[in-house]
Structure formats: C-alpha cells, structure tokens
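Asks: Kindly return the folded structure for what I paste below:
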Amino acid sequence: MKYYTRKLIKPGDLNANNTLFGGMLLKWIDEEAGIYAMTKINSKRVVTKYISEIDFVSSAKQGDVIEIGLEFDYFGTTSMTFRCEVRNIFTKKIIIKVDKIVFVNIGEDGKPLAHGMKL
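Replies: Numbers count the residues shown, from 1 in each chain. You can find the predicted model right below:
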C-alpha cells in the first residue's frame, strides 16, 4: 500500500463527538481514489462505480494527521479497482479500511469506454 495524501484534522472536519466525521473522510477517499484512477489510465473522465463495505477501525481527532493509502487491485475493460486504507501518520493506527473501490472510464457521452490498460 502506498500512501499519497495527508490531511490535518481541523475543527470543521469533526462530528458531534469531536472525532473525524466519517462523511468527510469518505469524501477525501473518493477524491484521492478518483485522482489515482485518472493517473493510472491517463484520462480525466472517470466516475465512482462502487465502494464496498467500509470498516471504521478507529477514530481521529482534531490535530491528528492522517494519510490515505491506495493499492491497485484489478483492471477490467472499462474499470479499475483499488483497495484503500487510512491511518494516523504518527501512530500508524488504522482508521478505516475499504476493500474495493471501483472507477469506470467514460466517454464524452457519459457511457463506459474501454481504457486500453492491462495488468
């Protein structure tokens, strides 16, 4: 797993329990995975197709620094699949695991388009 993006947890990222809001974390993961997908197939036209079960392992609090890790898993004809893990950069404690994130390459018409990449 390679870790790409780092985020500082700020007051606006917190939920009512003063821990990292899960929706904010999922937004960051989706954005990072989308950018990763674009760079893998050299296309700006990718969309999120599927995110598997999300395992919230631990929480983060204000002032923590987290890092988002992605690992390529599979290329389909129009799709690509990744695994994701988010951890605290200092303690290395896992915050969330996502087994499968699928992105699909699309054409200008918004329909799936073969990306031409192979494993």
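Asks: so where does the residue nearest the centre of the chain fall, helix or strand?
Replies: Central residue of the chain (Cα atoms, centre = their mean): Ile29, 2.9 Å from the mean position. Per DSSP states H and E, Ile29 falls inside helix 22-41.
Asks: And for Tyr3?
Replies: According to DSSP H and E, Tyr3 maps onto strand 2-8.
Asks: Thought Val98 was touching the residue nearest to the centre of the chain, still the case?
Replies: Yes: look at Ile29 against Val98 with Cβ atoms under 8 Å: they come within range, at 6.6 Å. Every C-beta, even on glycine, is put in place using the N, C-alpha and C of the backbone.
Asks: How many residues are close by Asp64?
Replies: 19 (other Cβ atoms under 10 Å).
Asks: from what I can see it touches Val86, true?
Replies: No: applying Cβ under 8 Å, one finds Asp64 not in contact with Val86, separated by 10.9 Å.
Asks: coming back round to it: mind listing what the residue nearest to the centre of the chain touches?
Replies: Contact analysis of Ile29 by Cβ atoms under 8 Å, 6 or more residues apart in numbering lists 68, 84, 86, 96, 98, 101.
Asks: Just the ones in strands from those residues, please.
Replies: 68, 84, 86, 96, 98, 101 (DSSP state E).
Asks: Please spell out the ChimeraX selection for the buried subset of those.
Replies: Burial among the ones in strands among the contacts of Ile29 is assessed by 16 or more other Cβ atoms under 10 Å; the matching ChimeraX selection reads:
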select :68,84,86,96,98,101
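Asks: closest to Gly107 among the ones in strands among the contacts of Ile29?
Replies: For those, the closest approach to Gly107 (Cβ to Cβ) belongs to Ile101, at 21.2 Å.
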